[in-house]
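> Provided below are the primary sequence and the corresponding predicted coordinates.
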Amino acid sequence: MNLKSLGWNQTFEESFKIYENQNLVPGRISVEHKGLYSVLTEQGELLGEITGKIRFHATGRHDFPAVGDWVAVQAIPQEGKAYVHGILPRKSKFSRKAAGLTTDEQIVATNVDTVFLVNALNQDFNLRRLERYLLMAWESGATPVIVLSKADLCDDVQKFLDEVETIAFGVPTFAVSAETGLGLDDLAAYISEGETVALLGSSGVGKSTLANKLFGAEVLKTNVIREEDGKGKHTTTHRELLVLDRGGILIDTPGMRELQLWEGDNSLGQSFQDVEGYAELCRFRDCTHQNEPGCKVQEAIETGELKEERYNSYVKLQRELAYFARKEDQRLANAERAKWKKLAGDRTRVHRK
């Protein structure tokens, strides 16, 4: 196993220089096991554990390793172990709000070059969900590719392609079938040595089946979806990085029915170019797009140039991002206060001794 086949490049080489004199080697996280990590290195696959220093300085989930991360490790190959001392800067990062009531970040994958946004051509097809995935992809820094799977089960593929075109401006879109092989060559063109591709989508859309076809072997379990509603179980229960024999890296992820965004302010305009394009033409700069005269957004909705569902989705995502930004600012402030309180307590105990 060589570093180049894992996605190592000159950028990571430069970032690693601060660890060169510390008897550490680079490795890439392939699986996370509740605080332990599978780390791929030139010495083989090792079971990694983070050091106390990383735990002490962590203020949130982003300070811990995630699948796809390059890390600096102390390798002990004779024992199959490694200790993670640092995380190299990420060139891309997919995050969402963790499920539940708490405001916590869940990192889905890092250092991804291309993301396949998989949506099945059955009852589970959902443009609004795809909008969320696109926003997540643009914000991450990776290049999105839309994959419409299970094309062999669809009678009118072109209808769905036309619908996707209304929300995905300039994003490559392919209808594929793992059963017939349709479109698989198009996807394979994005996977080459050192390139990392992640598969994102909800349960039952066929991510694991696609991964198996692209890998060329049954490396991931698959399930049959329910015929009555087209939905499936979570076949993939954890994120996993796979190195393909013919070159390239695939990251398979669990299906996500709930996709609450973590960040996306910077990419909202890119995902909703149509809405913001009309907004720029409004008579008033501070137009709320409600009842103001000269509102080009409302005019476009009335003439049918802009679908009302599309605009409502934009507003909903805008409000959601603003809400979580406020919550995250408060969480970070609380974490910073707790950190300094702990440091002050440690200094007091040392002084008393």
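On my side now, so go ahead.
> tell me who's in contact with the closest residue to Q43 other than its chain neighbours.
Taking CB to CB, 6 or more residues apart in numbering as the measure, Q43 lies nearest to P77, with 4.0 Å between them; neighbours along the chain are not counted. Quick note: C-beta positions are derived from backbone N, CA and C, even for glycine. For P77, the set of contacting residues under the criterion of CB atoms under 8 Å, 6 or more residues apart in numbering consists of T41, Q43, G44, L46.
> same check, this time on S92
T110, N111, V112, D113, S140, G141, A142.
> where's Q298, which helix or strand?
Element membership of Q298, judged by DSSP states H and E, is helix 296-303.
> show me what that helix is packed against.
Under the contact criterion of 3 or more CB pairs under 8 Å, 6 or more residues apart in numbering; DSSP states H and E, the helices and strands touching helix 296-303 comprise helix 273-279, helix 308-352.
> residue ranges with poor pLDDT in this structure?
Flagging of the chain using pLDDT under 70 yields the residue ranges 97-104, 217-237, 255-267, 323-353.
> show me the protein divided up by domain.
Under the assignment named as automatic domain parsing, the residue ranges that make up the domains of the chain are 4-87, 93-252, 272-334.
> among these, which is the most enclosed?
Most buried of these by mean neighbour count (mean count of other CB atoms under 10 Å) is domain 93-252; its value is a mean of 19.
> how long is that domain from one end to the other?
For domain 93-252, the separation between the terminal residues is 15 Å (CA to CA, to the nearest Å).
> okay, and the beta partners of the residue most central in space within the chain?
Most central residue of the chain, judged by C-alpha distance to the mean C-alpha position with CA atoms, centre = their mean, is F94 at 2.9 Å. Under the criterion DSSP bridges, F94 forms beta bridges with A109.
> can you tell me how far it sits from V147?
Distance check for F94 against V147: by CB to CB, to the nearest Å, it reads 16 Å.
> ok, now T303?
Separation of T303 from V147 (CB to CB): 33 Å.
> all strands for the stretch 101-250 of the chain, in order.
Counting by DSSP state E, counting those that start in this stretch, one finds strands in the stretch 101-250 of the chain at the ranges 105-110, 114-120, 143-149, 173-175, 196-200, 240-243, 249-252.
> need those in JSON lines with distance to A82, can you?
Conversion of those to JSON lines gives the following (distance: least, CB to CB, whole Å):
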{"stretch": "strand 105-110", "distance to A82": "18"}
{"stretch": "strand 114-120", "distance to A82": "28"}
{"stretch": "strand 143-149", "distance to A82": "31"}
{"stretch": "strand 173-175", "distance to A82": "38"}
{"stretch": "strand 196-200", "distance to A82": "21"}
{"stretch": "strand 240-243", "distance to A82": "16"}
{"stretch": "strand 249-252", "distance to A82": "19"}
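> out of those strands, nearest to L36?
When the strands of the stretch 101-250 of the chain are compared by CB to CB, strand 240-243 sits nearest L36, at 14.3 Å.
> packing partners of the closest one?
Packed against strand 240-243, as judged by 3+ CB pairs under 8 Å, 6+ apart, are the following elements: strand 25-33, strand 249-252.
> send me that strand as PDB with only the CA atoms.
Only the C-alpha atoms of strand 240-243 are listed here, as PDB (Å, rounded to 0.1, in the frame of the first residue of the first chain):
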ATOM      1  CA  GLU A 240     -16.000   3.300   5.200                       C
ATOM      2  CA  LEU A 241     -13.100   4.200   2.800                       C
ATOM      3  CA  LEU A 242     -12.300   1.600   0.200                       C
ATOM      4  CA  VAL A 243      -9.200   1.500  -2.100                       C
END
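> quick one: contacts of that strand?
With CB under 8 Å, 6+ apart as the criterion, strand 240-243 contacts 1, 5-6, 28-31, 40, 67-68, 196, 211, 215, 219-220, 249-252.
> rerun at 7 Å
The contact list for strand 240-243 (CB atoms under 7 Å, 6 or more residues apart in numbering) reads 5-6, 28, 30-31, 67-68, 211, 215, 219, 249-252.
> please apply the same query to stretch 275-282.
G269, C287, H289, G294, C295, K296, V297, A300, L306, R310, Y311, Y314.
> and stretch 29-40, by the same measure?
Outside of stretch 29-40, the residues within contact range by CB under 7 Å, 6+ apart are 1, 6, 27-28, 45-49, 65-69, 71, 73, 82, 84, 238-241.
> which stretches of the stretch 51-200 of the chain form helices?
Counting by DSSP state H, counting those that start in this stretch, the stretch 51-200 of the chain forms helices over residues 52-57, 127-140, 157-165, 184-188, given from the N-terminal end onward.
> turn these into JSON lines, including distance to F174.
Listed next are these as JSON lines, based on distance: least, CB to CB, whole Å:
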{"stretch": "helix 52-57", "distance to F174": "40"}
{"stretch": "helix 127-140", "distance to F174": "14"}
{"stretch": "helix 157-165", "distance to F174": "9"}
{"stretch": "helix 184-188", "distance to F174": "5"}
